[in-house]
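Enquirer: sequence-free structure coming up:
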């Protein structure tokens, strides 16, 4: 921990999701976030990390790094990995009005991340790997 910055690195396996969820909850309680904010950030981070484990790394071994930083009342969560690149902005919003049998599979997790967080952005760099950055104005 550096001031208002918190960091966690875990193996990219589904068992790590509980560790990630606990980390987010404890960190957010420690900075005085309200229950709704904690739930929304946990949900968005869980969805992002699940996607990294299942899709970016698939069966490969790797790590996921979370870097959380609080500036004023805005929490920034950066999630880094070195798996296959995937830009979440390339996924269209789900069509909730389409018949169930005609709806496209997938994309709900990214939709939830966008709904739960105020901002979601992605970058990929050969040196640093993939980075998903999400921001949320906290409600106490």
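Expert: On my side now, so go ahead. Model, not experiment: these values are computed from the prediction.
Enquirer: Return the residues in contact with the spatially closest residue to residue 74 that is not a sequence neighbour.
Expert: Spatially, and ignoring its direct neighbours in sequence, residue 74 is nearest to residue 137 (5.4 Å; CB to CB, 6 or more residues apart in numbering). From N, CA and C alone the C-beta is placed, and that goes for glycine too. When contacts are counted by CB atoms under 8 Å, 6 or more residues apart in numbering, residue 137 touches 73, 74, 118.
Enquirer: and stretch 53-68, which residues are buried?
Expert: 53, 56, 57, 62, 63, 64, 66, 67, 68 (16 or more other CB atoms under 10 Å).
Enquirer: Against which helices or strands is the lowest-mean-pLDDT helix or strand in the chain packed?
Expert: Counting by mean pLDDT, DSSP states H and E, the chain has its least confident helix or strand at helix 108-116, which shows a mean of 83. Contacts defined by 3 or more CB pairs under 8 Å, 6 or more residues apart in numbering; DSSP states H and E place helix 108-116 against helix 35-51, strand 119-125.
Enquirer: That one to strand 119-125, inter-axis angle?
Expert: On the basis of axes from the mean of the first three to the mean of the last three CA atoms, to 10 degrees, helix 108-116 is oriented at 120 degrees to strand 119-125.
Enquirer: And the strands in this structure, which stretches?
Expert: For the chain, applying DSSP state E gives strands covering 5-11, 63-71, 74-81, 119-125, 129-137.
Enquirer: lowest-confidence stretch among those strands?
Expert: Lowest mean pLDDT of the strands of the chain: strand 119-125, a mean of 93.
Enquirer: That one: how far from the chain's middle?
Expert: How far strand 119-125 lies from its chain's middle: 11 Å, per CA atoms, centre = their mean, to the nearest Å.
Enquirer: quick revisit: output the strands of the chain in TSV, with distance to residue 20 appended to each entry.
Expert: Converted to TSV, these look like this (distance: least, CB to CB, whole Å):
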stretch	distance to residue 20
strand 5-11	6
strand 63-71	7
strand 74-81	9
strand 119-125	17
strand 129-137	13
